[in-house]
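**Student:** the sequence and its predicted three-dimensional model are supplied below.
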Amino acid sequence: MSTNLLAVLPELILTLTGVLVMLAEPLIAPGRTRKPLGWLAILGTLASALAAFYQLHIVNAHGPVTGFYATIQVDAFSIFFHLLIASIVLVTLLASLDYFEQGAVTHAGEYFALVCFGATGMMFMTCSVELLMVFIGLEISSISTYILSGFRKGRATASESAIKYFLLGSFATAFFLYGIALCFGATGSTSIAAIAAGLAVTKTPLLGWLAVAMVLIGLGFKVSAAPFHVWTPDVYQGAPAPVVGLMSTAPKAAAFAVLLRFLFNGTGLYHSHWILLIEILAVASMTIGNLGALLQTDVKRLLAYSSVAQAGYLLVAFSSTRNEAFGAACFYTAAYAAMNVGAFVVLTQLSGFDEKLRSIDDYTGLALQRPVLSALLGFFLLSLIGIPFTGGFFAKFYSFSAAVHGGHTWLAIVGLANSGVACFYYLRLLAALYSRPLAEQPNSPTRRIALPAAIALAATAAATLGLGILPNHVLHLVQRATPQNLPTASAPQLSANPPQEAWMDAKTR
């Protein structure tokens, strides 16, 4: 197998799966179920995950694999995110198999193909070490999620969701692209390795500083960090529940992977500058997210503001040293993916395609009708709070500990205070589940949980519990995944720079 093919093997499998789904969809007669297409997408996602494991075997034996003129690097760091994204997509597909059957949607095949294409772009972002390649992956991911957010055609909220996401997403992408252009102007390259070397000798440091700020703005939109979060509540409210579970976790994981590489491996010399921006984003996201959630009665909007706050908690980890920041951020990403996807899978099963259960009042007394789903939702809410023996507890613990070790104790204190505020709106929803139902409230029809959805719920609950009971095993794995070096870019006059290499070695130690 050629090196180039090996470097993009998981992405190639997902792309071929999406194409096969699109080719097979017209062959199914109108009115017939599209479940076989969903199973095809699931098999393709499993094959992609197996390809990532194969890459890991090669990396462990021979070291990082580079391809396409050193613009792609496959290492333990990228493989970690490949497996995480594949797991999120797999759970989303399992939860979606029966979702569209309830609404008699005839274009469900397009949904399964778009999920595969979106995952391709997200994986491509995590293994790209060249900003233009990151931009390509970002666009592949974004276009798919733009369409998915408005997939429930004919609903005003769905159209509003797609239009807002597209317009604001395009605006944020312009910032990211402009940041890439400024990086090239300051260093003569768009490769992260060459940027790291070029910033040490650049004659236009202000240009490099503006480039970092622009890239942060573009990626801040993708991770829903305040003040770039204004799209989040409306998009989450109008998008289908399984899509929200996907777009609230997988694109964020890919964007955080890019941020970690770019900030620590590419612009480490500007650490004293960009850490101020990270601190501002973290405090703003935690505070605005939690205060915004306090005012919400719609459950999806509440979880949307919650995701803004969660992005702030994760950004706190960036204030530590390089290795500790990588470990804490990767662990938090995995824990957040498990509990947030699990919460939205439960909402998918409770509300159905029409999403009749929207406000917190609609969930009052639901534990009497759906005790298992209510218990699972309560468990995921407790994990989002950060209760011990859940993945959310150790995710916050490692993130705040990283900030303390990095000398930013005040940031950890702000995070703890915001975690206390968050208890109110999470417990308000949890209390509604186990409250006495209103006398005039009619009983909603109970639907059986399909086997694929049950598997998805069991997997997310097991992952959330496992990360809360045995966190050290996962933390050691993600710490080993910290990328130690980058391939040499095609800019020889910038790539060999002793001061920069000495700085990188010192930070690694």
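**Tutor:** Structure received.

**Student:** what stretches of the stretch 151-300 of the chain score poorly on pLDDT?
**Tutor:** Residue ranges of the stretch 151-300 of the chain with pLDDT under 70: none are present.

**Student:** try it again with 90
**Tutor:** Confidence mapping of the stretch 151-300 of the chain against pLDDT under 90 gives the ranges 151-161, 200, 202-205, 268-269, 271-273.

**Student:** what's the burial count for residue 429?
**Tutor:** Using other C-beta atoms under 10 Å, residue 429 has 18 other residues around it. Where C-beta positions appear, they are placed from N, C-alpha and C, glycine not excepted.

**Student:** heads up, I number from 119, so please use that
**Tutor:** Fine by me, first position is 119 from now on; the one you just mentioned is residue 547.

**Student:** find the nearest non-adjacent residue to it, please.
**Tutor:** Once flanking residues are discounted, residue 547 sits nearest to residue 478: 5.6 Å by C-beta to C-beta, 6 or more residues apart in numbering.

**Student:** over to residue 571?
**Tutor:** residue 213 (5.1 Å).

**Student:** which residues touch that neighbour?
**Tutor:** By C-beta atoms under 8 Å, 6 or more residues apart in numbering, residue 213 lies in contact with 360, 363, 463, 466, 467, 570, 571, 574, 575.

**Student:** which pair of these spans the longest distance?
**Tutor:** Greatest spatial distance in these: 363 and 570, 14.4 Å, computed using C-beta to C-beta.

**Student:** these two: which is more packed in?
**Tutor:** Higher neighbour count among residue 363 and residue 570: residue 363, with 30 against 19, using other C-beta under 10 Å.

**Student:** which SSE is that one in?
**Tutor:** Per DSSP states H and E: residue 363 is located in helix 359-365.

**Student:** same question for residue 184.
**Tutor:** Using DSSP H and E, the element containing residue 184 is strand 183-185.

**Student:** can you name the next helix or strand after that strand?
**Tutor:** Where DSSP H and E defines the elements, the next helix or strand beyond strand 183-185 is strand 190-192.

**Student:** all the helices of the stretch 169-318 of the chain, in order from the start?
**Tutor:** 194-214, 217-220, 226-245, 249-267, 274-305, 310-316 (DSSP state H, counting those that start in this stretch).

**Student:** show me what the longest one is packed up against.
**Tutor:** This points to helix 274-305. Secondary-structure packing of helix 274-305 (3 or more C-beta pairs under 8 Å, 6 or more residues apart in numbering; DSSP states H and E): helix 249-267, helix 310-316, helix 323-340, helix 350-356.

**Student:** now these in a markdown table, with mean neighbour count and distance to residue 491?
**Tutor:** A markdown table is the format used below for the helices and strands packed on helix 274-305 (neighbours: other C-beta atoms under 10 Å; distance: least, C-beta to C-beta, whole Å):
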| stretch | mean neighbour count | distance to residue 491 |
| --- | --- | --- |
| helix 249-267 | 22 | 24 |
| helix 310-316 | 28 | 44 |
| helix 323-340 | 21 | 30 |
| helix 350-356 | 25 | 20 |
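
**Student:** redo these as TSV? Include distance to residue 131.
**Tutor:** TSV is the format used below for the helices and strands packed on helix 274-305 (distance: least, C-beta to C-beta, whole Å):
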stretch	distance to residue 131
helix 249-267	15
helix 310-316	26
helix 323-340	24
helix 350-356	29
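
**Student:** just to revisit the earlier point, quick check: the residue nearest to residue 571 vs residue 354, distance?
**Tutor:** The gap separating residue 213 from residue 354 is 16 Å, by C-beta to C-beta, to the nearest Å.

**Student:** again with residue 346
**Tutor:** 15 Å.

**Student:** which residues touch residue 593?
**Tutor:** Going by C-beta under 8 Å, 6+ apart, residue 593 touches 445, 449, 516.

**Student:** let's go with 10 Å and repeat that
**Tutor:** Contacts for residue 593 (C-beta atoms under 10 Å, 6 or more residues apart in numbering) come out as 445, 446, 448, 449, 452, 512, 516, 585.

**Student:** ok, now residue 370?
**Tutor:** 206, 240, 337, 340-343, 425, 428-429, 432, 451, 454-455, 458.

**Student:** would you mind measuring from it to residue 440?
**Tutor:** Going from residue 370 to residue 440 by C-beta to C-beta gives 21 Å.

**Student:** where does the prediction get shaky in the stretch 519-627 of the chain?
**Tutor:** The low-confidence ranges in the stretch 519-627 of the chain, as defined by pLDDT under 90, are 553-568, 588-627.

**Student:** just the helices in the stretch 319-468 of the chain please.
**Tutor:** 323-340, 350-356, 359-365, 368-378, 389-412, 417-434, 440-469.

**Student:** buried ones in the following helix or strand past the last one?
**Tutor:** The element immediately downstream of helix 440-469 (helix or strand, assigned by DSSP H and E) is helix 484-487. Burial within helix 484-487, assessed by neighbour count using 16 or more other C-beta atoms under 10 Å, is assigned to 484, 485.

**Student:** stretch 199-218 now?
**Tutor:** 199-218.

**Student:** please apply the same query to stretch 163-174.
**Tutor:** For stretch 163-174, using 16+ other C-beta under 10 Å, the buried residues are 163, 165, 166, 167, 169, 170, 173, 174.

**Student:** okay, that stretch in CSV with CA atoms only?
**Tutor:** Taking C-alpha atoms only, stretch 163-174 is exported to CSV below (Å, rounded to 0.1, in the frame of the first residue of the first chain):
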residue,chain,number,x,y,z
THR,A,163,-17.9,3.6,9.7
LEU,A,164,-16.8,0.3,11.4
ALA,A,165,-14.4,-0.3,8.5
SER,A,166,-13.0,3.2,8.9
ALA,A,167,-12.4,2.6,12.6
LEU,A,168,-10.6,-0.7,11.7
ALA,A,169,-8.5,1.2,9.2
ALA,A,170,-7.5,3.7,12.0
PHE,A,171,-6.5,0.7,14.2
TYR,A,172,-4.4,-0.5,11.3
GLN,A,173,-2.7,2.9,11.0
LEU,A,174,-2.0,2.7,14.7
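
**Student:** could you check how far residue 137 is from residue 200?
**Tutor:** 20 Å.

**Student:** just residue 343 next, same as before
**Tutor:** 24 Å.

**Student:** contacting residues for residue 163?
**Tutor:** 128, 131-132, 135, 203-212, 230, 233-234, 237.

**Student:** so the one helix or strand it maps to versus helix 194-214, what angle?
**Tutor:** Element membership for residue 163 (DSSP H and E) is helix 153-180. With axes from the mean of the first three to the mean of the last three C-alpha atoms, to 10 degrees as the basis, helix 153-180 and helix 194-214 are set at 160 degrees to each other.

**Student:** lovely, talk soon.
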